[in-house]
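> Next one to model:
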Amino acid sequence: MRVLVVGAGAIGGYFGGRLVEIGRDVTFLVRPKRAAKLAETGLTIQSPKGDFHEAAPQTVTAATLRQPVDLIILSCKAYDLDSALDDLAPAVGSETAILPLLNGMKHLDRLDQRFGAARVLGGQCAISTTLDAEGRILHLNEMQALTYGERSGERTARIEAVAELFAGANFQARLSPAILQEMWDKWVFIAAGAGITCLMRAAVGDIMAAGAGDLTAALFDEAAGIAAASGFPLQDAVLARGKASFTTPGSRIMASMLRDIERGGAIEADHIIGDLLSRAKQPNPLGLLRIVYAHLKAYEARRAVEATKV
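Sure, this is the predicted structure:
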């Protein structure tokens with residue numbers, strides 16, 4: 001199976017690198033600057049699960065991509081999605097499957113519109129990785145899970161082929177018969193967790209110290225209510241685990257979106273919060289999600305103004 005991984009950053013580089021490690025036919029679609037860096041230093045993963053280095057990873061740029069592939073693994077940030085779709089389009093053939101690993105659901109709509117729903121699988125990942133100053137991929141803990149499946153829940157020949165592709169790789173790969181539900185579960189978790197830590201500009205333990213654990217729980221309930229009204233109710237145990245993760249006294253957990261804000265970076269406000277709000281059957285103009293979204297959009301507006309002053 002010929003695989004194109006869009007990007008060789010913290011997520012794509014990690015999972016793609018683990019596939020290279022077991023001899024899979026993987027090519028990374030990267031920008032020219034990243035291609036030059038990989039040609040110079042190779043692809044390096046430093047991980048508690050084992051380090052890996054590939055001196056000469058296969059790369060291609062948008063300008064040189066020509067041939068269709070069997071599987072495209074898409075792991076870009078939501079704000080880079082449109083440009084990524086333009087770049088990967090030449091790799092989409094009549095039998096190509098696309099496995100996106102973005103959070104939320106809006107990207108599925110864009111992929112369906114651009115390439116047809118029949119080509120698009122469901123997928124998500126749970127991993128904490130980053131790039132260091134040298135472009136190496138640093139795996140920050142032992143979590144490295146990738147879940148995937150047909151959105152219909154069927155056990156098709158192509159999803160079996162994907163399962164075979166992942167077999168033996170140094171990460172947890174699981175074929176799900178209910179991938180859309182699992183994507184909604186994670187969306188609620190991400191929206192509520194990112195929402196409360198960004199709104200408070202604080203880690204979980206700081207929020208709990210301020211006595212605001214009830215706001216965290218209310219935000220989870222509001223997001224879960226939208227999921228349920230959309231046909232994807234969270235099980236009580238799933239919702240309880242999510243709330244527990246963001247209501248632990250002393251916890252230093254904070255969402256990656258807050259870290260992006262603290263460094264003045266771009267954020268996925270529309271994809272994670274805005275799109276969830278747009279799916280509410282009975283929108284609450286004064287609900288917590290609406291307040292979170294206004295807070296994030298105000299940050300984006302200020303960031304845009306400050307960019308003009310540089």
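
> The stretch 101-250 of the chain: strands as residue ranges?
122-131, 137-149, 172-175 (DSSP state E, counting those that start in this stretch).

> Name the strands paired with the last one and say parallel or antiparallel.
Sheet pairing here is set by DSSP bridges, and for strand 172-175 it gives strand 137-149 (parallel).

> Just the buried residues of the partner strand, please?
I137, H139, Q144, L146, T147, Y148, G149 (16 or more other Cβ atoms under 10 Å). Quick note: C-beta positions are derived from backbone N, CA and C, even for glycine.

> Do a quick rundown of the helices in the stretch 51-200 of the chain.
With DSSP state H, counting those that start in this stretch, the ranges of helices along the stretch 51-200 of the chain come out as 81-88, 106-115, 157-166, 179-200.

> my read: L101 touches T147, true?
No - assessed by Cβ atoms under 8 Å, L101 is found out of contact with T147, at 9.4 Å.

> what residues are shared contacts of the two?
The contact sets of L101 and T147 overlap at G123, Q124, C125 (Cβ atoms under 8 Å, 6 or more residues apart in numbering).

> Can you get me a residue count around the second one?
Read it as Q124. 22 (other Cβ atoms under 10 Å).

> what's across from it in the sheet?
T147.

> From A212, how far out is it?
The gap separating Q124 from A212 is 28 Å, by Cβ to Cβ, to the nearest Å.

> Is the nearest residue to A269 once chain neighbours are set aside in a helix, a strand, or coil?
Distances taken as Cβ to Cβ, 6 or more residues apart in numbering place L296 nearest to A269, at 3.8 Å, with adjacent residues excluded. Of the three states, L296 takes helix under DSSP: H, G, I helix; E, B strand; the rest coil.

> so L296 sits right up against I273, yeah?
Yes - applying Cβ under 8 Å, one finds L296 in contact with I273, separated by 6.2 Å.

> out of those two, which sits in the more crowded spot?
I273 (28 against 23).

> For that one, which residues are in contact?
A191, A194, G195, L289, V292, Y293, L296 are the contacts of I273 under Cβ under 8 Å, 6+ apart.

> Then V6?
V6 is in contact with G12, L29, I72, I73, L74, S75, C76, A84, D87, L88, counting by Cβ under 8 Å, 6+ apart.
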